[in-house]
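Asks: could you work out the structure for the sequence below:
(2 chains)
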Protein chains: 2
Amino acid sequence: MRNVAIVGAGITKFGVREASWKDLVQEAGKAAFKDVPNLDKKEVDSLIVGAAQPERWAYQTHVAPLVAELLGLRPTRVVARTEVACASGQAAIRYAWLAIATGLSDIAFVIGVEKMTSKNMAISQTSMINVANREFDGPSGMTAPPFFAMVAQRHMHDYGTTREQMAVVREKNSTYGSYNPYAQFTKRFSVDAVINSKVVAPPLCLFDCCGMTDGAAAVVLAAEEIAKKLTDTPVWIIGGTQCVFAADTVNQMGNLSEWPALRRAAKELYNMLGIGPRDIDFAELHDCFTISEIMEYEELGFCEKGEGGKFVEEGRSYIGGDVAVNPSGGLLSFGHPLGATGVRQAWEVFNQFRGSVPKERYVGSNARIAITHNLSGLASLHHIMAYSIEKRKEIKLGG
Amino acid sequence: MRNVAIVGAGITKFGVREASWKDLVQEAGKAAFKDVPNLDKKEVDSLIVGAAQPERWAYQTHVAPLVAELLGLRPTRVVARTEVACASGQAAIRYAWLAIATGLSDIAFVIGVEKMTSKNMAISQTSMINVANREFDGPSGMTAPPFFAMVAQRHMHDYGTTREQMAVVREKNSTYGSYNPYAQFTKRFSVDAVINSKVVAPPLCLFDCCGMTDGAAAVVLAAEEIAKKLTDTPVWIIGGTQCVFAADTVNQMGNLSEWPALRRAAKELYNMLGIGPRDIDFAELHDCFTISEIMEYEELGFCEKGEGGKFVEEGRSYIGGDVAVNPSGGLLSFGHPLGATGVRQAWEVFNQFRGSVPKERYVGSNARIAITHNLSGLASLHHIMAYSIEKRKEIKLGG
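Replies: This is a model prediction of the structure:
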């Protein structure tokens, strides 16, 4: 199989946008094509779109051919949309990666998009129950905020994690996000501001939660021999795993303060690459809520189980610490347009590795390996992709 | 990259089922696992679900982890849902094929499902406009029947195709479907019966149209070295192409009696495999309407442009003719549960090659190469997969 690289990326401003999902596709698409000036659109032979619920938020399915039309593409190898709720964008990158790795495709355009806001947010929000096991957990209103609130409660109970430690996650991510003009929220939030914001689902307050947001992000992927012609700074995809373990039904889950599926996905990834968690230089993690990022430190092995709160409090997930987590500002700054997030994280990784981010949030030129992580649904399914500035010499994904 | 084979398959009875989409998943899933008795579920490392609109027909997204739960799977490599409307199932097979070909995955479970019927079919049918460009073509009611009626009208005008020739397609497919107990419609329809059925959208009558149906189908895919342990009759995936060409908006399309995207996808496939249309022994084509199959003969190169009506009338697409088309009975017999169809076609290919179909619809033991084809939306996007009883010696997908 062949090495595959990101050779270009583009993004929209994330936020409450007076724009349709089609407008967002065009905005991110144009930005991505502008980023790869030597790319002839005719050479794009695959198109994969990550989108979670256009059926409900835009009364539209079969979005891939519409995107082809909007962007002037006529791909002949892989044309599809991927959906795994909150990780729909990462799934699109994975599909494109495999298509190029096999030789089926040479250049793939990947775009993630979601238009979540509307004039009637009650209707927009109602559809969020569809990402859980609706028949079982819908009647009890088990959308994301109450679920992650229960995770936080259990983590506090089991490990003594504090309210303040969770708030530090937002303080950190909002600091980085304040240097990212594409983020929805560019304001910095102190620990006090987070703790004193309105309660959403105890212990989570408003500023512990990411937003329901509109946005799109795109990356161009290419095979090794082509990548070199399109950019001087290719960023290589070196691996990826996923794991579903706990059921997507709350009453079937075990202890909510453990995410064994993430632990397993991480272990598989480290085995695949012959590395350990200390080899990760920076990570874009799925901080849909502050507690999520704390859980992820632990399950990814960045710290011991139960030590996640202390890990961020001691600055070990800041730039300059053990591992720089969410130097983009994360979902907490960008909001979480479901289909866009996974691709937006890849956009960040690409820009970090090529050094095209403000120095205040730059992880530095020594960084070699990065991961992006998404969880989807009620944290039942976990998704990790690994990237490097150095391509793998021996490309072997099995084992 | 590695050779990939179908090693097992299962299916539900298609029809108006008193069953939820989850019930259908379990029914097809169990049948598929039963078909591969030596498979340990723990060895299934990928799961891909093809489904078009569970968001609208079941108020459910993020279906892949629910399917994992229903089937008792804990995959760690690829877990996703694919959506390209009417071809969602084929896209799932393609994703799994690539995952195994690269070495990322060893054994993938692929399932396509759709629950389309409900107590209120008006509501179920309304969602069908979402597969077109709803904002533009929704207001004029441009769902599938009127669109394909316009295709038929134009084909009759341009090439003199007759009403009777279209009806022969149903006569042929219903004959084969009458020997397929899993089909929704197992009754045989004569040309007269088709022509005298109720008018839906002139010239198309009720029996020119496939049904809105409930159903699921599953296939198990495995890498070459594993495939041999799981079955004596592996069926190899040897190639696949897709093409989007015309826009998914009717006012942007050219002459409706031409589907250049299908012509291009076929050309790419033939080039990839170093074969021509005469090398195809049998084909499961997307006969959502009788006229569709006639168009497909032409664009796939089975006959000259405009000769499709005559092609079926002369028996050349029957078993024993130039190429056996839809020996399963096709969509016209099975109905078209959007996500299930593409996988159901692969189930047919697998069963034909291993000779486990009734003799009345068996293509024979000399068959070497088969294709499955789907169109999606208003025929804007075409999808082809190629299968063979012989694995490819030189596995090269580019070019």
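Asks: contacts, neighbours, all on C-alpha from now
Replies: Noted.
Asks: in the stretch 1-150 of chain A, which spans are strands?
Replies: A:4-11, A:46-50, A:78-83, A:107-115 (DSSP state E, counting those that start in this stretch).
Asks: export only the CA atoms of stretch A:233-244, formatted as CSV.
Replies: The C-alpha trace of stretch A:233-244 is given here as CSV (Å, rounded to 0.1, in the frame of the first residue of the first chain):
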residue,chain,number,x,y,z
THR,A,233,4.9,20.3,3.8
PRO,A,234,2.9,17.1,3.4
VAL,A,235,1.5,15.7,6.7
TRP,A,236,1.3,11.9,6.6
ILE,A,237,-1.5,9.7,7.8
ILE,A,238,0.3,7.0,9.7
GLY,A,239,-2.5,5.0,11.3
GLY,A,240,-6.0,4.9,12.6
THR,A,241,-8.2,2.7,14.9
GLN,A,242,-11.8,2.8,16.2
CYS,A,243,-13.5,0.8,18.8
VAL,A,244,-17.1,0.3,19.9
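Asks: any idea how far it is from the chain center?
Replies: 12 Å (Cα atoms, centre = their mean, to the nearest Å).
Asks: any stretches of chain A with poor pLDDT?
Replies: Scanning chain A for pLDDT under 70 picks out the ranges A:246, A:394-396, A:398-399.
Asks: about what we covered before: of all the strands of the stretch 1-150 of chain A, which one is nearest B:K22?
Replies: Nearest to B:K22, of all the strands of the stretch 1-150 of chain A, is strand A:78-83, at 17.6 Å by Cα to Cα.
Asks: am I right that A:H382 is in a strand?
Replies: Yes. Assessed by DSSP: H, G, I helix; E, B strand; the rest coil, A:H382 belongs to a strand.
Asks: for A:M385, helix, strand, or coil?
Replies: Assigned by three-state DSSP, the conformation of A:M385 is strand.
Asks: the nearest residue to it once chain neighbours are set aside: neighbouring residues, count only.
Replies: In space, not counting the residues next to it along the chain, A:M385 is nearest to A:G240; the distance is 4.2 Å by Cα to Cα, 6 or more residues apart in numbering or on different chains. Neighbour count for A:G240, taken as other Cα atoms under 10 Å in any protein chain shown: 28.
Asks: give me the element A:G240 is part of.
Replies: Under the criterion of DSSP states H and E, A:G240 resides in strand A:235-244.
Asks: could you spell out the sheet neighbours of that strand, each with its direction?
Replies: Looking at strand A:235-244 with DSSP bridges, its partner strands are strand A:4-11 (antiparallel), strand A:381-388 (antiparallel).
Asks: show me the contact partners of the last one.
Replies: For strand A:381-388, contacts defined as Cα atoms under 8 Å, 6 or more residues apart in numbering or on different chains pick out A:87, A:90, A:94, A:235-246, A:261-262, A:265-266, A:269, A:349, A:368-376, B:65.
Asks: thought A:Q90 was touching A:V343?
Replies: Yes. If you go by Cα atoms under 8 Å, A:Q90 and A:V343 touch, sitting 6.0 Å apart.
Asks: would you map out the domains in chain A?
Replies: A:4-120+A:212-230, A:132-206+A:236-388 (automatic domain parsing).
Asks: check the offset of the first one from the chain's centre.
Replies: Mean C-alpha position of domain A:4-120+A:212-230 versus that of the full chain (Cα atoms, centre = their mean) differs by 14 Å.
Asks: straight-line length of it, end to end?
Replies: Domain A:4-120+A:212-230 has an end-to-end distance of 13 Å (Cα to Cα, to the nearest Å).
Asks: contacting residues around the residue nearest the centre of chain A?
Replies: Nearest residue to the geometric centre of chain A (Cα atoms, centre = their mean): A:G342, 3.3 Å. Shown in contact with A:G342 (Cα under 8 Å, 6+ apart): A:86-91, A:112, A:372-374.
Asks: out of the residues you listed, who has the most neighbours?
Replies: Neighbour tally across these (other Cα under 10 Å): the maximum, 37 neighbours, falls on A:G89.
Asks: in contact with that one, which residues?
Replies: Shown in contact with A:G89 (Cα under 8 Å, 6+ apart): A:49-51, A:82-83, A:111-113, A:338-343.
Asks: distance-wise, check it relative to A:R77.
Replies: A:G89 sits at a distance of 19 Å from A:R77 (criterion: Cα to Cα).
Asks: spell out which residues of the stretch 151-300 of chain A are next to chain B.
Replies: Contact residues, the stretch 151-300 of chain A versus chain B (Cα under 8 Å from any Cα of the partner chain): A:240-245, A:247-248, A:264-265, A:268.
Asks: which of those has the most neighbours?
Replies: A:V244 (32 neighbours).
Asks: surely that one meets B:G72?
Replies: No. Look at A:V244 against B:G72 with Cα under 8 Å: they stay out of range, at 10.5 Å.
Asks: show me where the stretch 251-399 of chain A has its helices.
Replies: A:260-273, A:290-299, A:308-313, A:330-334, A:338-353 (DSSP state H, counting those that start in this stretch).
Asks: the fourth one packs against which elements?
Replies: By that I understand helix A:330-334. Applying 3 or more Cα pairs under 8 Å, 6 or more residues apart in numbering or on different chains; DSSP states H and E, one finds that helix A:330-334 contacts helix A:163-177.
Asks: what packs against the helix it packs on?
Replies: If contacts are counted by 3+ Cα pairs under 8 Å, 6+ apart, helix A:163-177 sits against helix A:191-195, helix A:290-299, helix A:308-313, helix A:330-334.
Asks: hmm, 6 Å instead?
Replies: In terms of contacts (3 or more Cα pairs under 6 Å, 6 or more residues apart in numbering or on different chains; DSSP states H and E), helix A:163-177 is packed against helix A:191-195, helix A:290-299.
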